[in-house]
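Visitor: I'd like to go over a predicted model; first the sequence, then the structure.
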Amino acid sequence: MKKTSAGLQTLKAEFFGALAHPARIRLLEALIDAGETSVQDLQRRLGIDQPIVSQQLAKLRASGIVTSKKQGSSTLYEVADPMIGELLRVAKHILNRHLVGVKSLLRELVVDQRR
């Protein structure tokens, strides 16, 4: 097994920490679907208040997960790397598998309780 340096492990932890908020995940999914998008468009699309959208985008931008550019009076945001979409899809598959296992265990508990 290949050994990973402590510095790289720290970077990975910071990266995943930047993803560790439901609003940030929703924002990323919306950006993946829509491409370059403004705060106002994200706010309308997700039904999240503008200050929260801006705050969460700032965290994602500071972590290098999204990029921004000025266009007139608006700032447009987009996912910095298309692999972020793949990462979120893989996470969804992992969670689905986990939930299938949990569902199976719950069925077994119900059967045991009936006995």
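Guide: Right, received. Where do you want to start?

Visitor: Would you map out the domains in the protein?
Guide: Residue ranges for the domains of the chain, per automatic domain parsing: 1-80, 82-115.

Visitor: Next, format those as TSV and append mean pLDDT and mean neighbour count.
Guide: All C-beta spots, glycine's among them, are computed from the backbone N, C-alpha and C. Shown next, in TSV, are the domains of the chain (pLDDT from 0 to 100; neighbours: other Cβ atoms under 10 Å):
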stretch	mean pLDDT	mean neighbour count
domain 1-80	93	14
domain 82-115	83	10
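
Visitor: continuing past whichever strand or helix holds Ala30, what's the next helix or strand?
Guide: Using DSSP states H and E, Ala30 falls within helix 22-34. Using DSSP H and E, the next helix or strand after helix 22-34 towards the C-terminus is strand 37-38.

Visitor: Listing partners with orientation, what would you give for that next one?
Guide: Sheet pairing of strand 37-38 (DSSP bridges) gives strand 74-79 (antiparallel).

Visitor: contacting residues around the strand it pairs with?
Guide: 28, 31-32, 35-40, 42, 57, 61, 65-70, 85 (Cβ atoms under 8 Å, 6 or more residues apart in numbering).
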